[in-house]
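1. Pasting the sequence and the predicted model now:
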Amino acid sequence: MKMAKWELERDSRQYQLMLDRLSAFERKAIGLPDLVEDLRSLIDALSSTNRWAQELLSDWWTLEQVYAVAIDRDQLQSLPQDSEDLVKEAITALRDLLARAVAENQAELKQEVQ
């Protein structure tokens, strides 16, 4: 199903906000709790017809699991190396997915203009 222009534009904003939050986390401007919460809210705000939402949620889920385990084990202030590695892998996967989603979204917006 083809998305309306306003949906494409809104999803573009959501993608950029997700990338901004990932960058903020990498700069240590926000912690894992904020990253997990913010990404979930941004993914949930994507259009209902957005084909990338499920894939983004899949990688977000890794962050959620690391966060939950860290809380349970009282390791939130200093994650063990294996948890740090999982977070880095999830962030890399999210960035890759977002790059593909942004490229597809921009192509669809260009078609809307023509």
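-> Arrived safely.
2. as a whole number, average confidence for stretch 60-75?
-> In this model, stretch 60-75 has a mean pLDDT of 96.
3. Next, the buried residues of that stretch.
-> Along stretch 60-75, these residues count as buried under the neighbour rule (16 or more other C-beta atoms under 10 Å): 60, 62-64, 66-67, 70. Where you see a C-beta, it was placed from the backbone N, CA and C, and this is true even at glycine.
4. From the chain's centroid, how far away is that stretch?
-> For stretch 60-75, the gap between its own C-alpha mean and the chain's C-alpha mean amounts to 16 Å (C-alpha atoms, centre = their mean, to the nearest Å).
5. can you offset everything so residue one is 23?
-> Sure, I'll start numbering at 23, so the last one becomes stretch 82-97.
6. Where does pLDDT dip in this structure?
-> Flagging of the chain using pLDDT under 70 yields the residue ranges 23, 135-136.
7. Which parts of it are helices?
-> Assigned by DSSP state H, the helices in the chain fall at 27-48, 54-66, 75-94, 103-135.
8. helices or strands up against the first one?
-> Yep, that's helix 27-48 we're talking about. Contacts defined by 3 or more C-beta pairs under 8 Å, 6 or more residues apart in numbering; DSSP states H and E place helix 27-48 against helix 54-66, helix 103-135.
9. Who are the packing partners of the first one?
-> Applying 3+ C-beta pairs under 8 Å, 6+ apart, one finds that helix 54-66 contacts helix 27-48, helix 75-94.
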